[in-house]
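[1] For reference, the sequence and a predicted model appear below.
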Amino acid sequence: MKVIVTIRQEETRHLEAEGNDYASVRAAAEAMVPEGWEIIAYRAYG
């Protein structure tokens, strides 16, 4: 399973994480978000 996270501060970026289940993939993606950025969308696939 993969999750793509859309984040923003003054610009928008996309982060991608992979794992075995949604909860672990989402946690991995959240851990990659730099301080001061906010998550504005999650997209799961796979």
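    Yep, that arrived.

[2] burial measure for Tyr22, as a count.
    Applying the criterion other Cβ atoms under 10 Å, we find 12 residues in the vicinity of Tyr22. The way it works is simple: take the backbone N, C-alpha and C, and place the C-beta from them, glycine included.

[3] ok, it - contacts?
    For Tyr22, the contacting residues are 1, 3, 44, by Cβ atoms under 8 Å, 6 or more residues apart in numbering.

[4] Got phi/psi on it?
    phi -60, psi -40 (degrees, to the nearest 10).

[5] Against Glu10, how distant is it?
    Counting by Cβ to Cβ, to the nearest Å, the gap from Tyr22 to Glu10 is 29 Å.

[6] again, but for Arg26
    Using Cβ to Cβ, Arg26 is found at 24 Å from Glu10.

[7] Which of those two has more residues huddled nearby?
    Using other Cβ under 10 Å, the more surrounded residue of Arg26 and Glu10 is Arg26, with 18 against 6.

[8] The more buried one - that's part of a helix, no?
    Yes - residue assignment for Arg26, taken from DSSP: H, G, I helix; E, B strand; the rest coil, places it within a helix.

[9] isn't it right next to Val33, touching?
    No - using Cβ atoms under 8 Å, Arg26 and Val33 do not qualify as a contacting pair, with a distance of 11.2 Å.

[10] can you pull out the strands in the protein?
    When assigned using DSSP state E, the strands of the chain occupy the ranges 2-8, 12-18, 38-45.

[11] got the contacts of Tyr22 as JSON lines, with neighbour count columns?
    Output for these, formatted as JSON lines (neighbours: other Cβ atoms under 10 Å):
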{"residue": "Met1", "neighbour count": "14"}
{"residue": "Val3", "neighbour count": "22"}
{"residue": "Ala44", "neighbour count": "12"}
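
[12] So what does the residue of the chain positioned farthest from its centre look like in phi/psi?
    The outermost residue of the chain, judged against the average C-alpha position, is Glu10 (17.1 Å), by Cα atoms, centre = their mean. When read as degrees, to the nearest 10, the backbone of Glu10 gives phi -100, psi -20.
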